[in-house]
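Engineer: Any chance you could fold what I've pasted below:
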Amino acid sequence: MKTFTLLLALALTLTARAGDPDPARLKTFGTIGKEVTPLSLDREAELFHHEGRGCLTHMWFGGGWKNCEFTRVRIYVDGETNASIDMELFLGHGIGFGDQFAPWGNTRIGKMGTGACVYDTYRIPFGRSVRVTAQLAPGAPPHPDFWWIVRGTEGLPVEIGGVRLPDRARLKLYRLENYQAKPLEEFALCNVPGNGALYQVTMAARGLRTLKDENSRWQDLSFMEGCMRAYIGGATEPLMLSSGLEDYFLGTYYFNRGRYASEVAGLTHFDAAQNEFSAYRFHDADPVFFHQGLRLTGRCGETKNGQMLHNCPPAVYTTYVWLYQW
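Structural biologist: Numbers count the residues shown, from 1 in each chain. The predicted structure follows:
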């Protein structure tokens with residue numbers, strides 16, 4: 001009986017590891033740029049190009065020129081003509097309103113110094129090739145000094161929530177930029193077909209009102225009463241992801257304790273006088289899987305018993321939604 005138990009345990013272990021990569025086939029690759037000047041306004045500069053199959057595991061950027069936070073970074077996977085990941089440098093790392101506060105960080109993203117100093121360890125899979133480019137934002141000086149690191153590993157799979165994703169899974173970025181929502185309007189951050197998993201959400205939002213009565217000023221932040229919702233597989237009833245907007249990012253009372261950064265969520269910008277915030281929320285340890293489509297929505301304010309909560313103002317939202325899709 002003891003021998004049978006040991007054999008069964010060994011068989012289960014081998015089965016569990018059957019999908020693990022062979023370490024002998026893993027090959028790490030990468031490149032750096034050190035105080036060079038490839039960036040311009042009128043074209044993309046190629047920072048890295050690699051042929052093979054695997055995933056990116058790390059990117060870091062440095063420099064200190066005007067408008068560096070708005071530098072456009074694009075990642076082309078498997079010969080794409082249009083990059084499936086096309087991001088402003090700071091928003092792509094969870095930071096809105098060009099906020100320069102540092103240092104802060106976690107396993108996945110962070111900003112550790114001044115200027116363009118941000119990093120990420122996003123797992124970005126590719127099947128044939130990957131190409132990383134960057135382009136200056138309007139108002140930036142021509143050809144500033146620039147530093148970068150790009151690294152990855154061939155043959156490395158991607159997991160989320162402890163589940164190995166299919167080899168065909170790809171990380172895609174969906175942007176909603178400067179969307180002005182009316183009070184109580186529910187709006188889509190993304191609406192996609194097929195199967196996948198929600199990986200990360202970044203939001204930068206600003207309420208569009210300033211009440212004169214200081215005792216009522218807190219109501220200008222009440223657009224944060226809005227709950228996040230996920231409609232999966234064409235459902236008409238949502239999976240509720242939060243009890244309020246700041247709650248989705250693990251804050252409370254309209255972020256009344258200020259900035260924070262954790263592995264799951266963080267507040268990267270907060271200005272109560274301007275009614276604005278930016279925050280990130282990861283779902284790699286808290287997976288939201290979907291089949292036959294996902295519509296992810298936010299709402300400008302919320303109701304209770306059919307009545308608007310706290311005199312909600314209109315608000316402007318920019319959101320980045322990162323999905324693994326297959």
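Engineer: buried stuff in stretch 302-317?
Structural biologist: 302, 309-310, 312-317 (16 or more other CB atoms under 10 Å). From N, CA and C alone the C-beta is placed, and that goes for glycine too.
Engineer: same question, stretch 213-230
Structural biologist: 219-230.
Engineer: centroid residue for the protein?
Structural biologist: Nearest to the geometric centre of the chain sits residue 200, at 4.2 Å (CA atoms, centre = their mean).
Engineer: For burial, what's the neighbour tally of the nearest residue to that residue once chain neighbours are set aside?
Structural biologist: Of all residues not flanking residue 200 in the chain, residue 322 sits nearest, at 4.2 Å (CB to CB, 6 or more residues apart in numbering). When neighbours are defined as other CB atoms under 10 Å, residue 322 has 23 of them.
Engineer: So what's the gap between the host helix or strand of residue 322 and the chain middle?
Structural biologist: Element membership for residue 322 (DSSP states H and E) is strand 315-325. Relative to the mean C-alpha coordinate of its chain, strand 315-325 is positioned 7 Å out (CA atoms, centre = their mean, to the nearest Å).
Engineer: Can you show me the CA trace of it as CSV?
Structural biologist: Output of strand 315-325 as CSV, limited to C-alpha atoms (Å, rounded to 0.1, in the frame of the first residue of the first chain):
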residue,chain,number,x,y,z
ALA,A,315,-16.0,63.5,-14.7
VAL,A,316,-13.3,62.8,-17.3
TYR,A,317,-11.7,59.4,-17.4
THR,A,318,-8.6,57.9,-19.1
THR,A,319,-8.3,54.2,-18.7
TYR,A,320,-5.8,51.4,-19.7
VAL,A,321,-7.1,47.9,-19.6
TRP,A,322,-4.6,45.0,-20.1
LEU,A,323,-6.1,41.7,-21.1
TYR,A,324,-4.5,38.3,-21.9
GLN,A,325,-6.6,37.0,-24.8
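Engineer: Partner strands of it, with direction?
Structural biologist: strand 170-181 (antiparallel), strand 196-207 (antiparallel) (DSSP bridges).
Engineer: one step back: which residues touch the residue nearest to residue 200?
Structural biologist: 122, 171-174, 198-201 (CB atoms under 8 Å, 6 or more residues apart in numbering).
Engineer: got the contact list for stretch 275-282?
Structural biologist: In contact with stretch 275-282 (CB under 8 Å, 6+ apart) are residues 94-97, 99, 108-109, 199-210, 220-221, 223-224, 246, 248-251, 255, 263-271, 313, 315.
Engineer: that older thread, okay, the buried residues of stretch 302-317 in CSV with pLDDT and distance to residue 129 next?
Structural biologist: Shown next, in CSV, are the buried residues of stretch 302-317 (pLDDT from 0 to 100; distance: CB to CB, whole Å):
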residue, pLDDT, distance to residue 129
302, 95, 45
309, 86, 50
310, 90, 51
312, 94, 47
313, 96, 47
314, 97, 44
315, 98, 40
316, 98, 37
317, 98, 34
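Engineer: for those, which one is nearest residue 48?
Structural biologist: residue 317 (31.8 Å; CB to CB).
Engineer: list the contacts for that closest one?
Structural biologist: 176, 178-179, 181, 187, 203-205, 298, 300.
Engineer: what does residue 44 give?
Structural biologist: Residue 44 is in contact with 72, 74, 133-135, counting by CB under 8 Å, 6+ apart.
Engineer: Looking at those residues, which is nearest residue 167?
Structural biologist: Using CB to CB, residue 74 is the member of those that sits closest to residue 167, with 23.3 Å.
Engineer: Around the closest residue to that closest one other than its chain neighbours, count how many other residues there are.
Structural biologist: Nearest residue to residue 74 in three dimensions, chain neighbours excluded: residue 83, at 3.8 Å (CB to CB, 6+ apart). As a burial measure, residue 83 scores 19 neighbours (other CB under 10 Å).
Engineer: wait, is residue 83 part of a strand?
Structural biologist: No. Read with DSSP: H, G, I helix; E, B strand; the rest coil, residue 83 is coil and lies in no strand.
Engineer: Go through the contacts of residue 322 and name the one nearest residue 67.
Structural biologist: For those, the nearest to residue 67 is residue 173 (20.7 Å; CB to CB).
Engineer: That'll do, ta.
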